[in-house]
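>>> What shape does this take:
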Amino acid sequence: MLKTTNIGASTIGLGLLTLGMSLPVMAGITFGSAESETGALTLSGTLRVNYQDKDYGEVAADQKVKLDAAILRLAYDAPDWFGKAEYRCYQYDTLCDFSALIYGYAGYRFNSTDHLPVGLQPIPFGPSRFWDSSFYASINNTLGLQDIHNLGVNYHFELPSATKVDWIWLTLLQMEAIIMVRVETRLVTVQIW
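Here you go, the predicted structure:
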């Protein structure tokens, strides 16, 4: 006689939910066209939730679904103007216990290679975003050399010799100004602080 095991719809459903939540999903809604004079506005975001299943043989009252983070991103793109913003909201005890503007800047394109963004923007020096693959990041992130955003003005231009130059003026937390120059060619990148 064969012995059958009843897996149950809830176990299969939980497995499919876990599989679906582990796959990256990126979606955005775009209004308009980037080639038109009015431009295109793209709205995207992320919701991150945690589900705790404390099934240790006893009935647990603290099995719950909890919102961990909500991320809202806006991007505007037109022939001459552009802008981006990201706002994050985290939940610890109540919804949006901590929220912050990660970046928000607007800029003007002089031509296809030269542009001038102004606002809270990524610093174009050092290792950029997603440099490492660890959840805890690396020593570059710990020291503040990676994925850094600051308030300032950046003039980016490219020369015909495939040389990229960034002139950036930043206001630091102490409200002092710092000017950085980055020259990048195919062989070497020079940074002057």
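
>>> how many other residues sit next to residue 122?
When counting by other C-beta atoms under 10 Å, one arrives at 17 neighbours for residue 122. No exception for glycine: its C-beta is placed from N, CA and C like everyone else's.

>>> gap between it and residue 102?
Distance of residue 122 to residue 102, computed by C-beta to C-beta, to the nearest Å: 10 Å.

>>> Identify the contacts common to those two.
Contact criterion C-beta atoms under 8 Å, 6 or more residues apart in numbering; residues shared by residue 122 and residue 102: residue 149.

>>> Please enumerate the strands of this structure.
Taking DSSP state E, the strands of the chain run over residues 28-32, 40-52, 64-77, 81-90, 98-109, 115-122, 149-158, 164-171, 177-184, 189-192.

>>> Kindly present these as CSV, with separate columns for mean pLDDT and distance to residue 58.
Compiled in CSV, these are given as follows (pLDDT from 0 to 100; distance: least, C-beta to C-beta, whole Å):
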stretch, mean pLDDT, distance to residue 58
strand 28-32, 89, 44
strand 40-52, 87, 15
strand 64-77, 87, 16
strand 81-90, 93, 31
strand 98-109, 93, 33
strand 115-122, 92, 49
strand 149-158, 86, 46
strand 164-171, 81, 55
strand 177-184, 63, 58
strand 189-192, 54, 58
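
>>> what's the domain layout of the chain?
Per the record, the chain has its domains at 17-109, 110-192, by the TED database.

>>> which residue packs closest to residue 152, ignoring adjacent ones?
Nearest residue to residue 152 in three dimensions, chain neighbours excluded: residue 170, at 3.7 Å (C-beta to C-beta, 6 or more residues apart in numbering).

>>> What spatial separation is found between the one you found and residue 149?
With C-beta to C-beta as the criterion, residue 170 and residue 149 are 10 Å apart.

>>> which neighbours do the two share?
residue 123.

>>> for the residue lying closest to residue 148 once chain neighbours are set aside, what are its contacts?
In this structure, residue 148 finds its nearest non-sequential neighbour in residue 123, 4.8 Å apart by C-beta to C-beta, 6+ apart. The neighbours of residue 123, taking C-beta under 8 Å, 6+ apart as the test, are 148, 149, 150, 168, 170, 180.

>>> For those, work out which two are farthest apart.
Using C-beta to C-beta, those span at most 14.0 Å, a distance reached by 149 and 180.

>>> on that earlier part again, can you put the contacts of residue 123 in JSON lines and add neighbour count and distance to residue 83?
Formatted as JSON lines, the contacts of residue 123 follow (neighbours: other C-beta atoms under 10 Å; distance: C-beta to C-beta, whole Å):
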{"residue": "148", "neighbour count": "16", "distance to residue 83": "20"}
{"residue": "149", "neighbour count": "18", "distance to residue 83": "14"}
{"residue": "150", "neighbour count": "17", "distance to residue 83": "17"}
{"residue": "168", "neighbour count": "20", "distance to residue 83": "17"}
{"residue": "170", "neighbour count": "18", "distance to residue 83": "18"}
{"residue": "180", "neighbour count": "17", "distance to residue 83": "22"}
